[in-house]
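Enquirer: model the structure of this input:
(chains A and B)
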2 protein chains.
Amino acid sequence: MNDRKTSDAAKTDPIRIGVFDSGFGGLTVLRALLPQIPGAEFFYLGDTARLPYGSKSKATVARYAVESALLLESYGADYLVIACNTASALALDAIRSAAHMPVLGVIETGADSAAAASVSRDVLVLATQATVESHAYAQACAAHGLRSVEKACPLLVPLIEEGWIESPVTREVLRIYLEEARAAANEAGLAPDTVLLGCTHYPLLRGLLEETLPKGITILDSAETTATRVRRDLPALPTAHASGRDADLGRCHFFATDSVDKFRTLGSRFLGQPIERVDLIDLGG
Amino acid sequence: MNDRKTSDAAKTDPIRIGVFDSGFGGLTVLRALLPQIPGAEFFYLGDTARLPYGSKSKATVARYAVESALLLESYGADYLVIACNTASALALDAIRSAAHMPVLGVIETGADSAAAASVSRDVLVLATQATVESHAYAQACAAHGLRSVEKACPLLVPLIEEGWIESPVTREVLRIYLEEARAAANEAGLAPDTVLLGCTHYPLLRGLLEETLPKGITILDSAETTATRVRRDLPALPTAHASGRDADLGRCHFFATDSVDKFRTLGSRFLGQPIERVDLIDLGG
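Expert: A predicted model of the protein is given here:
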């Protein structure tokens, strides 16, 4: 796989897009990318042996994410999407320093889309503990003149992974988190009209969120906003072009650092279609 | 720290007990060990950069646990307690092959105590997904002539780590899990009179469990049963003796592979007293 860059045929190969997440959530980003970038080949890596990143320190997350990015680079990736909010928040600079290709994080695309959507200029960000503690969303929003409230929702990922997508328990947990967020927004004098889903698991709760949030609130998820941004970036890439192939899974390669069976089972839920082959990778962790 | 075994003073040193867990839960075991083994020095390692183990594969858990065991051995541990149900279930043989000291897992001590407590000879085991899938408790119980129902409770650890110990949400999750367990027991024709808490986090929910379970059910947790067993084993160890020192934290050394601040904060909740110093360890993962 590594000989691509020295091959004469390189320029006619489809562009290779690396998609990295700590686990399965980034598959919601891949799902949005597939129809948007029909000419690309995708290499998805889930660092499932070391997930979740959302509760870990910046140094640890950066080390894990850089190892993962370099693996995708060794597979010939031309462009890298960090489809993991925690890694985007804590490790984007480290990844950009280590990798030799354009690297896109989901935080900046989220803030861009919030800037386009919000009228009140106040945004509520729902994310993992580590993403919230990094204040990466607050900084990215502030760069667009937006004010923000960041709310950590550590129980949502386990609830989604347990498959309790429409459970009354999940509804109640969401109600509690949104009530705490509302109180924090009030205290800060903010009136958010836009909710940014700052974790790639959360789009699976979009239905429940729409029922729980007041009417008129715009919900933005990383998957769609990131796919749109990748499509916009691609023409600038030296090897970018569209081959016109179908938006099927034949051009996707899946890699995981832990159980490939679990990746197939849980991953298919996030991707919205069955995943057949997953290769086990050892990152030495 | 590594020169102890070659030192002439070795035989008069206090015994060194290594206590290993993927995170903080094993601190409930250390908490029970402290008053039971007043003469020992304790080395506690939480592999917090790679937790949770409960959702990962046997191969990955074994690799992580063996690395952790060897680290504690390099610190001079004479005796090792695997205070992690998942590692005990999936990796005890691998650890015993790799380490050069007695190694005790929490599964066997749990089954021993259930055998002593149960009249109906039917036991309900609550544990993580990986522990349940290993059927290590079922096998250990069967060796005592006990029948068992094993129930995975993946949301309990995140709820406890969120601090929702007495929340109505946690009560409802517990009710659902116990109802599912009751249905499974009925179907198998079992009538458990004993509940084994097969995860070191779960003792923090003992109060809620006592309210939720029918009267007359015995609840056993790994911490107490393991501490009792260590005390029983110790006289047989070549270097074992009691120095008579107080059961304080001055003889405890804490190591973590991720944020030491988080270890201090969350760990103090499990240990029941403040932890002041934690050293960061790099296991290369």
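
Enquirer: tell me which residues touch the residue nearest the centre of chain A, please.
Expert: In chain A, the C-alpha nearest the mean C-alpha coordinate belongs to A:A83, at 2.8 Å (Cα atoms, centre = their mean). Applying Cβ atoms under 8 Å, 6 or more residues apart in numbering or on different chains, we find A:A83 in contact with A:V19, A:F20, A:D21, A:G25, A:G26, A:T28, A:V29, A:L30, A:V106, A:T200, A:S222, A:T226. Where C-beta positions appear, they are placed from N, C-alpha and C, glycine not excepted.

Enquirer: can you rerun that using 7 Å?
Expert: A:V19, A:F20, A:D21, A:G26, A:V29, A:V106, A:T200, A:T226 (Cβ atoms under 7 Å, 6 or more residues apart in numbering or on different chains).

Enquirer: OK, contacts around the residue in the stretch 101-250 of chain A that chain B sits nearest to?
Expert: Taking Cβ to the nearest Cβ as the measure, the stretch 101-250 of chain A has A:P158 as its residue closest to chain B, at 4.2 Å. Listed by Cβ under 7 Å, 6+ apart, the contact set of A:P158 reads B:P154, B:L155, B:P158.

Enquirer: redo that, cut-off 8 Å
Expert: So A:P158 contacts B:P154, B:L155, B:V157, B:P158 (Cβ under 8 Å, 6+ apart).

Enquirer: what sits opposite the nearest residue to A:G198 once chain neighbours are set aside in the beta ladder?
Expert: Excluding the flanking residues, the one nearest A:G198 by Cβ to Cβ, 6 or more residues apart in numbering or on different chains is A:A127, at 3.2 Å. Note on A:A127: beta-bridge partners A:A152, A:G198, judged by DSSP bridges.

Enquirer: right, and A:A127 touches A:S134 too?
Expert: No. Using Cβ atoms under 8 Å, A:A127 makes no contact with A:S134, being 9.1 Å away.

Enquirer: looking at these two, which has the bigger crowd around it?
Expert: Neighbour totals were compared for A:A127 and A:S134, and A:A127 leads with 28 against 22 (other Cβ atoms under 10 Å in any protein chain shown).

Enquirer: return the per-residue confidence for that one.
Expert: Note on A:A127: pLDDT of 95.

Enquirer: re earlier: mutual contacts of A:A127 and A:S134, please.
Expert: Both A:A127 and A:S134 are contacted by A:A89, under the criterion Cβ under 8 Å, 6+ apart.

Enquirer: work out for me the element A:L45 sits within.
Expert: Using DSSP states H and E, the secondary-structure element containing A:L45 is strand A:41-46.

Enquirer: find the nearest non-adjacent residue to A:E161, please.
Expert: A:L266 (6.7 Å).

Enquirer: how about the residue nearest to A:I165 when sequence neighbours are not counted, what does it touch?
Expert: Residue nearest to A:I165 in three dimensions, not counting chain neighbours: A:L204, with 5.8 Å by Cβ to Cβ, 6+ apart. For A:L204, the contact set (Cβ under 8 Å, 6+ apart) comprises A:T28, A:I160, A:I165, A:R269, A:F270.

Enquirer: quick check: phi and psi on A:L204?
Expert: A:L204 adopts backbone torsions of phi -70, psi -20, taken as degrees, to the nearest 10.

Enquirer: same check, this time on A:V103
Expert: Main-chain dihedrals, A:V103, degrees, to the nearest 10: phi -130, psi 120.

Enquirer: dump the residue contacts of it.
Expert: A:V103 touches A:A69, A:L80, A:I82, A:L92, A:I95, A:R96, counting by Cβ under 8 Å, 6+ apart.

Enquirer: try it again with 10 Å
Expert: A:18, A:20, A:69, A:73, A:77, A:79-82, A:88, A:92-93, A:95-97 (Cβ atoms under 10 Å, 6 or more residues apart in numbering or on different chains).

Enquirer: surely A:G189 meets A:S120?
Expert: No. With contact defined as Cβ atoms under 10 Å, A:G189 does not count as touching A:S120 (11.5 Å).

Enquirer: PyMOL command for the buried members of the contacts of A:V103?
Expert: Command for PyMOL that selects the buried part of those, burial taken from 16 or more other Cβ atoms under 10 Å in any protein chain shown:
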select buried, chain A and resi 18+20+69+73+77+79+80+81+82+88+92+95+96
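
Enquirer: the contacts of A:V103: which two are farthest apart?
Expert: Maximum pairwise distance among these (Cβ to Cβ): 18.6 Å, between A:A77 and A:D93.

Enquirer: before we move on, the earlier item: which one of the contacts of A:P158 is nearest chain A?
Expert: Relative to chain A, and with distances defined as Cβ to the nearest Cβ, the nearest of the contacts of A:P158 is B:P158, at 4.2 Å.

Enquirer: part of a helix, is the closest one?
Expert: Yes. The assignment for B:P158 by DSSP: H, G, I helix; E, B strand; the rest coil puts it in a helix.

Enquirer: how much space between it and A:A83?
Expert: From B:P158 across to A:A83, the span is 22 Å (Cβ to Cβ, to the nearest Å).

Enquirer: with A:V123 instead?
Expert: Distance from A:V123 to A:A83, by Cβ to Cβ: 21 Å.

Enquirer: also A:E172?
Expert: 29 Å.

Enquirer: re earlier: what separation do you get for the residue nearest to the centre of chain A and B:L70?
Expert: Counting by Cβ to Cβ - A:A83 and B:L70 are separated by 35 Å.

Enquirer: please apply the same query to A:A223.
Expert: Counting by Cβ to Cβ, the gap from A:A223 to B:L70 is 42 Å.

Enquirer: when the two are compared, which one has more neighbours?
Expert: Taking neighbours as other Cβ under 10 Å, A:A223 and B:L70 compare with A:A223 leading, 25 against 14.

Enquirer: so the more buried one is in which element?
Expert: A:A223 belongs to helix A:222-233, assigned by DSSP H and E.
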